[in-house]
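# below is the structure, and that's it, no one-letter string:
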Ligand code: SF4
Ligand code: SF4
Ligand code: SF4
Ligand code: SF4
Ligand code: FES
């Protein structure tokens, strides 16, 4: 065991059910059997958690030992012979099941798990047909509430402890545990706690029986009636892969769909339970036109031609520049691309932006100008290799929850070091060494200090001096900054993550710092790299920026005011693009009031994630003659509009999102559109055609093909290639 | 030839035929005077389906949709949910049987774990409007109500041997909370 170098390569040969296999040392017997395609029944074993051997389901016989062993806790040994289906192994498995069922209520008909239950399946395959236990089973009052989303049925629990291990080992929120002991043990909320972890929903999915059930989904159907269709979570920028559980075109639940490069098989509660808006009765089902002060339903043809006519009128009267467009960061890449093309080509105005907006374009420009190979663009997988993770002004646990799990894994399982620079306490600050706490708005100071320590070799005493001068601002000690600086310059593999709303200066400073560290010469720095990323705020914040939903940039961050790079688009679109600088979303909303903007096209829904963002949209109708909105419900902005187009949620349309780690992921329509709603790209095509511009795209893949020829980083991306795991952008 | 002519003149065939008619005037009739007279049906008759209640009036159906899964002609639709009256109990929020599709095989009755479905002896349910034949939960329960009075049988027996009117059931109730044994 001491020879750490050898350990990784040492392989062990063993024989399972007569088949020989060599596996790396340290592999569990159950895993070795799986590699051979031999099934060993299990309940408590979970590939992502440490083994406990709680359920005893995985009993197997091993040559030379009298007693059966549990395959999920035993590591392979040289020359082992395992038999999973010998008479005594099978008898052991059967007896364990009989024991598990002595107190199990077997109320499968009313159990949510019935039909997809490992206990049912294992009993069917390995269990006894009848029980010898004729005494009364225990009875508990049916479900107890564990947390806001989860109910526990104690009768059904088989004490596998997957739920408690998950919340402790993986989520880092040890809020539930086993109370009492022996036969009386039950799962319960730890004293003085509430099971309100943002990852609580995962326990429902990993519970091998129907003991943990979801308050939302409870009783709403049986598994054999469902279809599971793949999708992408749109509730934040992580872009976790999900499966929609669907019955008769209704979304009933959201399950995880493991993608090792994105979500590692987990979801947060925001994503898992944030689907109720999709089949909500509030959804718009037909276009609305304002008549006599009220919005009345109209047909698509009527609404499209009315909107086109009004836009034309306003262009004639006030010029192209009087029309503006604001998209939402939940639009797909295709829709964002088409929207900016529509505004720039059909309308002829550069007043196009998205809202809410982060500060992501800066980092793109910085990377464009840098040629250092060792300064990588951030991808989630870098967290799995990093020695040091430096978070600057970002609350990952709140904003990109599932990424927080990957961070915790790096810190807790691999011992990576975490340094946090943040003004407030977050879920991760307890793992950070050190946590540099600054006063809000004064985040530049610690960065400057770090720069001096790392790049100029300043000593702790100098820093001490420095801080003394600004004792007001610094709520951290020189010791901590110095420590952090030393760690940063000494680390081999570093991930630096920036928050979404940091000031420009800080992003520049961080970039300089990162390139500075890389630039420092030294022999020991051959395999050193730094991965730098800016974590976007919403499902497709990264994508809409890439697609040029921005007044200053065309798709691929091509400056609108530089003739050279722009020519590519002018040739492709066969149009000479407007030169005037466009207005940003904030300016448009204010400019509308000053008369610069006469018509505003607001595209994309205020999905819950956008609604909950702190800054609220300040839209006033004064000065705007015509407001065109596409949304999924009659939101505040839709209520003010002259024409409202009902649009689809991401469960009802095809498209791609680019997540915070710059992975492009595609999703397909899972249910048919609610009412007469259309996807935004279809609305744009119809409107463009009505306005005399042939947007003849038959599907999103036609649009993606055009994007891949125009945007360098999306080069060669197409739908078949995206598959179900997506593509990481370079 | 002559024989045939002779036969025709004397209408012998008619005599032949009528003789059978006259004979039957003295034999017991096999036809029933439906609808004036109705036959007593055997206990295992499989007529229109009904939903059953416990004697205290609580619905039996727990909304498990096993009947839906068992039905070979896909006539049943169950939408389950949580019972507002008895929180945390599963029940069928909506329940439909499209009786025009039903082949009266009784698989659903067999599948039901709580004996909530029973086949009645009702066979007179033809209608001018097909929509009437899409039975919803209300109509299925009222079918069960009007016909299931009486009994003296266990619910299992009642599944096929439908009690006649006037008989009484064994008292069975599901209103009490789950037993607490420990
Ligand atoms: S509630 Fe489920 S996951 Fe938790 S111990 Fe019981 S059976 Fe296992
Ligand atoms: S982390 Fe984000 S993408 Fe993942 S499930 Fe949660 S809200 Fe959805
Ligand atoms: S009797 Fe047969 S066909 Fe009719 S509803 Fe029941 S299972 Fe379906
Ligand atoms: S009638 Fe019986 S089988 Fe059908 S849903 Fe109700 S309880 Fe289940
Ligand atoms: S799976 Fe091995 S003891 Fe539970």
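Happy to help now that I have it. Just so you know, these numbers come straight off a predicted model, no measurement behind them. Numbering: from 1, shown residues only, chains lettered A, B, ... in the order given. Ligands and ions are numbered 1, 2, ... in the order given.

# got a pLDDT number for the residue in chain B positioned nearest to ligand 2?
Of all residues in chain B, residue B:82 sits closest to ligand 2, at 25.5 Å by Cβ to the nearest ligand atom. Where you see a C-beta, it was placed from the backbone N, CA and C, and this is true even at glycine. Looking at residue B:82, its pLDDT reads 88.

# and it, how many neighbours?
Using other Cβ atoms under 10 Å in any protein chain shown, residue B:82 has 16 other residues around it.

# that one touches residue B:88, doesn't it?
Yes - Residue B:82 sits in contact with residue B:88 when judged by Cβ atoms under 8 Å, with a separation of 6.7 Å.

# so for the residue in the stretch 251-400 of chain A that ligand 3 sits nearest to, what's the pLDDT?
As assessed by Cβ to the nearest ligand atom, ligand 3 sits closest to residue A:252 within the stretch 251-400 of chain A, at 24.1 Å. Per-residue confidence for residue A:252 comes out at a pLDDT of 95.

# ok so, going back, could you find the closest non-adjacent residue to the residue of chain B closest to ligand 2?
Counting by Cβ to Cβ, 6 or more residues apart in numbering or on different chains, residue B:82 lies nearest to residue A:219, which is 5.3 Å off, once chain neighbours are set aside.

# could you look up the SS state of the residue nearest to residue A:391 when sequence neighbours are not counted?
Nearest non-adjacent residue to residue A:391, counting by Cβ to Cβ, 6+ apart: residue A:420, 4.8 Å away. Classification of residue A:420 using DSSP: H, G, I helix; E, B strand; the rest coil returns strand.

# OK, contacts around the residue of chain B closest to ligand 2?
Contact analysis of residue B:82 by Cβ atoms under 8 Å, 6 or more residues apart in numbering or on different chains lists A:218, A:219, B:88, B:89, B:90, B:91.

# so which of those residues sit within strands?
B:90, B:91 (DSSP state E).

# out of the contacts of residue B:82, who's nearest ligand 1?
residue A:218 (14.9 Å).

# does residue B:104 sit in a helix, a strand or a coil?
Put simply, residue B:104 is coil when judged by three-state DSSP.

# how close does it get to residue B:119?
Look at residue B:104 and residue B:119: by Cβ to Cβ, to the nearest Å, they are 7 Å apart.

# joint contacts of those two?
Residues touching both residue B:104 and residue B:119 (Cβ under 8 Å, 6+ apart) are B:46, B:47.

# more neighbours: which of the two?
residue B:119 (20 against 14).

# dihedrals phi and psi, the more buried one?
phi -100, psi 130 (degrees, to the nearest 10).

# and it, how far from residue B:133?
Separation of residue B:119 from residue B:133 (Cβ to Cβ): 16 Å.

# pLDDT-wise, which helix or strand of chain B ranks last?
helix B:155-160 (a mean of 56; mean pLDDT, DSSP states H and E).

# with adjacent residues omitted, what lies nearest to whichever residue of the stretch 151-300 of chain A sits closest to ligand 5?
As assessed by Cβ to the nearest ligand atom, ligand 5 sits closest to residue A:160 within the stretch 151-300 of chain A, at 6.3 Å. The shortest distance from residue A:160 to any non-neighbouring residue, by Cβ to Cβ, 6+ apart, is to residue A:44 (3.8 Å).

# got the contact list for the most centrally placed residue in chain A?
With distances taken as Cα atoms, centre = their mean, residue A:238 lies nearest the centre of chain A, 2.4 Å away. If you count contacts by Cβ under 8 Å, 6+ apart, residue A:238 has them with A:262, A:263, A:400, A:401, A:402, A:403, A:659, A:660, A:661.

# give me the number of neighbouring residues for the last one.
Put plainly, it is residue A:661. By the criterion of other Cβ under 10 Å, residue A:661 has 28 neighbours.

# verify the contact between it and residue A:380 for me.
Yes - proximity of residue A:661 to residue A:380 meets the contact threshold set by Cβ under 8 Å, at 4.2 Å.

# so which bits of stretch A:227-243 are buried?
A:229, A:231-243 (16 or more other Cβ atoms under 10 Å in any protein chain shown).

# check stretch A:246-255 too.
For stretch A:246-255, a neighbour-count test (16+ other Cβ under 10 Å) marks A:246, A:247, A:251, A:252, A:253, A:254, A:255 as buried.

# what do you get for stretch A:461-471?
Within stretch A:461-471, the residues scored as buried using 16+ other Cβ under 10 Å are A:462, A:463, A:466, A:467.

# which residue ranges form the helices in the stretch 601-730 of chain A?
Applying DSSP state H, counting those that start in this stretch to the stretch 601-730 of chain A gives helices spanning A:608-611, A:636-640, A:680-690, A:700-710, A:719-722.

# same thing with chain B?
B:2-10, B:12-24, B:66-70, B:107-111, B:137-147, B:155-160 (DSSP state H).

# pretty sure residue A:252 is in a strand, no?
Yes - counting by three-state DSSP, residue A:252 falls inside a strand.

# possible to save the helices of the stretch 601-730 of chain A as TSV with mean pLDDT?
TSV is the format used below for those (pLDDT from 0 to 100):
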stretch	mean pLDDT
helix A:608-611	55
helix A:636-640	87
helix A:680-690	96
helix A:700-710	95
helix A:719-722	94
